[in-house]
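Visitor: The following comprises the amino acid sequence and a computationally predicted model.
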Amino acid sequence: QVQLVESGGGLVQPGGSLRLSCAASGSIFGIYKMGWYRQAPGKQRELVAATAMTSGGSTDYADSVKGRFTISRDNAKNTVYLQMNSLKPEDTAVYYCNAEKVVMPTFQSSTYWGQGTQVTVSS
């Protein structure tokens, strides 16, 4: 099993910044991608940003956060970060860390989620 622990959420004014962290522990061998999703009240969970865990791995962003959010990783710490700048009220949501892991020898993929951290953007 993989455990994901998020931190860094909170209340911030529009235009402000926050940094989320997600630390993976447990059976982490085989994790090939980690990312952040968010879910606002009454809406479906959506991808915010994701990164491959390989050296030079690709990143992917939702159009709504491109140029404002940056995902990064520290493989030595098994941690991914989401730097969020120029926050808007519409960024308000519960943010969930996600990890995708391949299980050998079947190559079956498993998905893991953190407990979520609230981000509220309001004046």
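Guide: Yep, it's here.
Visitor: separation between Ser25 and Gln3?
Guide: 5 Å (Cβ to Cβ, to the nearest Å). C-beta here means a position set from N, CA and C on the backbone, and glycine is covered the same way.
Visitor: Count the neighbours of the nearest residue to Ser86 once chain neighbours are set aside for me.
Guide: Closest residue to Ser86 apart from its sequence neighbours, by Cβ to Cβ, 6 or more residues apart in numbering: Arg68 at 4.6 Å. By other Cβ atoms under 10 Å, 15 other residues sit near Arg68.
Visitor: got the contact list for Arg68?
Guide: 84-87 (Cβ atoms under 8 Å, 6 or more residues apart in numbering).
Visitor: out of those residues, who has the most neighbours?
Guide: Met84 (26 neighbours).
Visitor: Which stretches in this protein count as strands?
Guide: 2-7, 10-12, 18-26, 31-39, 46-52, 59-61, 69-74, 79-84, 93-103, 108-113, 117-121 (DSSP state E).
Visitor: and those strands as JSON lines, adding mean pLDDT?
Guide: Listed next are these as JSON lines, based on pLDDT from 0 to 100:
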{"stretch": "strand 2-7", "mean pLDDT": "95"}
{"stretch": "strand 10-12", "mean pLDDT": "97"}
{"stretch": "strand 18-26", "mean pLDDT": "96"}
{"stretch": "strand 31-39", "mean pLDDT": "95"}
{"stretch": "strand 46-52", "mean pLDDT": "96"}
{"stretch": "strand 59-61", "mean pLDDT": "95"}
{"stretch": "strand 69-74", "mean pLDDT": "95"}
{"stretch": "strand 79-84", "mean pLDDT": "97"}
{"stretch": "strand 93-103", "mean pLDDT": "95"}
{"stretch": "strand 108-113", "mean pLDDT": "94"}
{"stretch": "strand 117-121", "mean pLDDT": "97"}
